[in-house]
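In: Sequence first, then the predicted structure:
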There are 2 protein chains.
Amino acid sequence: MTHQDALADIVGKKFAVSGADAANWQKEWTGDYTVDPLVVVRPATTEEVSKIAAYANANDLTVVPVSGNTGLTGATSNQGAVMLSVDRLNTIEQIDTEGRTITVGAGTILQSIHDAVDPHNLIFPLTFGAKGTAMIGGALSTNAGGSNVLRYGNTRDLCLGLEVVLADGHVMNLMSALHKDNSGYNLKHLMIGAEGTLGIITRAVLRLYSKPKAYATAMVATPTVSDALSLLYRMQDATGGAVEAFELMTRSYIDLHLRQVEGAKEPFDTAYDTNIMIEVGATSDEDAAVLDTGQTRIIEKLETILGGMLEEEAVIDAVIAQNEAQRREMWARREAAGHIGYAEGPRVDTDIAVPLDKVGFAIEEIERRYKELDPEAWDIVVAHLGDGNIHHAIYSEIVSKEFFDKCVETVEDVVQEIGGSFSAEHGVGLSKLKTMSRRKDPVALAAMRSIKDSLDPKGTLNPGKVIP
Amino acid sequence: MTHQDALADIVGKKFAVSGADAANWQKEWTGDYTVDPLVVVRPATTEEVSKIAAYANANDLTVVPVSGNTGLTGATSNQGAVMLSVDRLNTIEQIDTEGRTITVGAGTILQSIHDAVDPHNLIFPLTFGAKGTAMIGGALSTNAGGSNVLRYGNTRDLCLGLEVVLADGHVMNLMSALHKDNSGYNLKHLMIGAEGTLGIITRAVLRLYSKPKAYATAMVATPTVSDALSLLYRMQDATGGAVEAFELMTRSYIDLHLRQVEGAKEPFDTAYDTNIMIEVGATSDEDAAVLDTGQTRIIEKLETILGGMLEEEAVIDAVIAQNEAQRREMWARREAAGHIGYAEGPRVDTDIAVPLDKVGFAIEEIERRYKELDPEAWDIVVAHLGDGNIHHAIYSEIVSKEFFDKCVETVEDVVQEIGGSFSAEHGVGLSKLKTMSRRKDPVALAAMRSIKDSLDPKGTLNPGKVIP
């Protein structure tokens, strides 16, 4: 019996495929990684996942969990592996409106979670460009960030409980819906962000929040990034921390967007260098109330602060979304980043985090240094400015591995010098393995290796990822 | 050369003591655990901690880290061990007011952190009764909770970076001040709450928050716990989540407080069963503004909601603190819980968490069942109601180990039946080891054992704790 037949016995013939039938899983979304899986197997229950893991472990087969396939680091790329797709584990099991949790299978698409809780006036805050395809299992495995981290935290902060199948097929039940639980080591946080190398996430209990009753969304141009930060702090203080998104887009990013997207518009009448998208969510009736002016109170608060900053010349220009269509247009400009960045061609792509007050310096210093390598090179930058997280891409006519590697080193040097991280929210996968070797604390790396060896002694779970 | 001499060579003779000189470390605060340490050693630097760990590891000596000695579970109790007190690692290294972080040594007392950031109009939100003695190292090692978890999270949520000395003396540098960092397994969260069994925390980067400009603090009596929850949700919605504390005290707790504390007062003119302390913190100028009525806006918001609920008979009585002295009195009543509970004599003490909407049921059902064991037994309950965390104590004339064990089982049965945890915020230590065996998912327990063995193969770090 072939391995494919044995796995088909667990999940059914239709759900254990290879060759042309597995075409969907042969390429990561980025196109940077292409593989030919041994079998793609699509279990429908935790029990099936357990059996697959146990079979693979007993037969020394590599198992690579995959969900929406929207990762950016090659974390699901393994030649000749059993690819375990969680897409059929997509049941929304329970929505607890009083306890404000939702229990879902790992294959549930982010957008489906959003849609499911919306009628209850609740939100699951995790959101990013790929939300219509990405599944919660992958988001948990990479501890994805996105545009609302500022207010609600990373994916790990939104997860109360997990179910995980370990390398040998044992099912670990951490499915708590509790806000406090100190019963031993925090295995939940260990599994989140481990990119499928320590276990296969099969189910999760997620936190829900009050749906904002009104939004104030605006594009703001500031003289400097530092002025933008000042706007962030003022708005945070005025609203008690209700700023949900605070996104920086550089001039070159806006230009790229105009070039690539049909119907795209300049955010302002004039072209500015530092373009900020701010969104504030009002959960109180008071802030959502429409005043005599016809505006909501939350918009008036934003207007007041922007008005003051315009006078101080700390803001150059501002446009507040007057309706949902204008708000969507602002979001669409920001969310296009993943697609248009790739479409522009080969680039040196980094996902870095620096202390908040160092974002402006980092962008300038990185430019200064890569221009030394190629004066014709240029970059686009979109940043979750409120989290210090910069998505940086350098384009150059010199498309050589050697030059690209040098650019990456250059970016990472700057980041390390100012106490930042080379991996903010996309994970390590394959693409940042070398950087892990060079930049990560060696004692921490050794500890990771020990943990990997202890939980997966045969090394069958997504080998060669995360740990160099 | 004795071990004490060898350790004295590392830290100086004065800081490696035993016998009578080590009296301060022979007893845990609870008095439940008494030990005679081999040596108490008090390093002043990370390097010294590293040398101590390496020496102990090479000589198969047990090392037990200890900080403020205010733990409640016997987690620092080991006969004949090297007790490594972090009290001299008490430097406040840096306060970054723009990035809103503070970098401290593990021996820094909680109150010292509060005092250090106060002049900057910032707060470190972690607070509990023992804050004048407890040190941050211990708070991190137990992932302590406290009274502000509702708004700011547990200790782990307040920590951005850690430095940890591993069993063999290697220093692991996780000292990041970043809000996003996905560079491999989350070792920070693994070390937090591990009670010193995986490493010795030596330094930490902690998050700071805006200091509220005004508070609204009140005692509220409600007909039921469910009505109290309704108050919580309404106030959360009205303030966008600014409720900082929401504490339940039962009638019997109030009575005990009146009996034990000189000058203690009833919270209301009448004695009620369900007594809630609520505190809301206003960070905006708007909410902190004093209105024509002479009250701050935040107090008016609370009054409006309480007024409506009084009319609906969902609130029976309410007293709002009119000044800081009245506010302190309300806090003192709540914070006395640790002391007066112990002073009353032997008791069956549990630290449990249940889903928010099950708190009322849990309290009633536990009472029903222990009364079957001893109809004369009685309890006191204080709960962080907003977190579903109940501190439950049963007193009985039957002071036998057998009876106490039965009561613990009874409490834990109820908790497990409704999806709760037997260990909310005090940790496991020695006192909940048996419960870990009985109640924790066996696959998770096995994973913990593997991790412990991989990071501390000789088992010298605080052995016999957390994992049965």
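Out: Ah, there it is.

In: Now the host helix or strand of A:Met277 - C-alpha only, CSV.
Out: Counting by DSSP states H and E, the element that carries A:Met277 is strand A:274-282. Output in CSV follows, covering the C-alpha atoms of strand A:274-282 (Å, rounded to 0.1, in the frame of the first residue of the first chain):
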residue,chain,number,x,y,z
THR,A,274,4.3,61.4,4.6
ASN,A,275,0.8,60.0,4.2
ILE,A,276,-1.0,58.7,7.3
MET,A,277,-4.3,56.8,7.5
ILE,A,278,-5.9,57.0,10.9
GLU,A,279,-9.0,55.2,12.1
VAL,A,280,-10.6,55.6,15.4
GLY,A,281,-13.5,53.4,16.6
ALA,A,282,-16.1,54.7,19.0
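
In: Can you check the pLDDT for A:Arg100?
Out: For A:Arg100, the model assigns a pLDDT of 89.

In: My guess is it contacts A:Leu206. True?
Out: No. In this structure, A:Arg100 is not within contact of A:Leu206 by Cβ atoms under 8 Å, at 9.7 Å. (Glycine included, C-beta is placed from N, CA and C.)

In: Which one's more surrounded, those two?
Out: A:Leu206 (24 against 19; other Cβ atoms under 10 Å in any protein chain shown).

In: quick one: secondary structure of the more buried one?
Out: The three-state label given to A:Leu206 by DSSP: H, G, I helix; E, B strand; the rest coil is strand.

In: if you skip the residues just before and after it, what's nearest to it?
Out: A:Ile102 (5.1 Å; Cβ to Cβ, 6 or more residues apart in numbering or on different chains).

In: Now name the helix or strand holding the one you found.
Out: Using DSSP H and E, A:Ile102 falls in strand A:101-105.

In: Strand partners (parallel or antiparallel) of that strand?
Out: strand A:92-96 (antiparallel), strand A:200-207 (antiparallel) (DSSP bridges).

In: what mean pLDDT would you report for the next helix or strand along the chain from that strand?
Out: As assigned by DSSP H and E, the chain's next helix or strand after strand A:101-105 is helix A:110-117. Helix A:110-117 shows a mean pLDDT of 98 in the predicted model.

In: Tell me how far A:Tyr342 lies from chain B.
Out: 20 Å (Cβ to the nearest Cβ, to the nearest Å).

In: same deal with A:Ala343?
Out: 25 Å.

In: burial count for that residue?
Out: When neighbours are counted by other Cβ under 10 Å, A:Ala343 comes out with 11.

In: try A:Asp317
Out: Count around A:Asp317 with other Cβ under 10 Å applied: 16.

In: Equivalent analysis for A:Phe246, please.
Out: A:Phe246 has 25 nearby residues by other Cβ under 10 Å.

In: With A:Pro119 instead?
Out: Around A:Pro119 there are 10 residues (other Cβ under 10 Å).

In: That one belongs to a helix?
Out: Yes. Judged by three-state DSSP, A:Pro119 forms part of a helix.

In: What separation do you get for it and chain B?
Out: Counting by Cβ to the nearest Cβ - A:Pro119 and chain B are separated by 18 Å.

In: residues contacting the residue nearest to the spatial centre of chain A?
Out: Central residue of chain A (Cα atoms, centre = their mean): A:Ala144, 3.4 Å from the mean position. By Cβ atoms under 8 Å, 6 or more residues apart in numbering or on different chains, the contact set of A:Ala144 is A:Leu126, A:Phe128, A:Ala134, A:Gly138, A:Asn154, A:Thr155, A:Glu425, A:His426.

In: do that again at 6 Å, thanks
Out: Taking Cβ atoms under 6 Å, 6 or more residues apart in numbering or on different chains, we find A:Ala144 in contact with A:Thr155.

In: How about the one 5 residues further on?
Out: Neighbouring residues of A:Val149 by Cβ under 6 Å, 6+ apart: A:Asp387.

In: And A:Ser67, how far from A:Trp29?
Out: Going from A:Ser67 to A:Trp29 by Cβ to Cβ, to the nearest Å gives 12 Å.

In: Helices of the stretch 201-350 of chain A, start to end?
Out: Along the stretch 201-350 of chain A, the stretches classed as helices by DSSP state H, counting those that start in this stretch are A:225-239, A:251-260, A:285-288, A:297-311, A:324-335, A:337-343.

In: Flag every buried residue along the third one.
Out: So that's helix A:285-288. A:Glu286, A:Asp287, A:Ala288 (16 or more other Cβ atoms under 10 Å in any protein chain shown).

In: Skipping adjacent residues, who's closest to the second one in space?
Out: The shortest distance from A:Asp287 to any non-neighbouring residue, by Cβ to Cβ, 6+ apart, is to A:Ile298 (4.4 Å).
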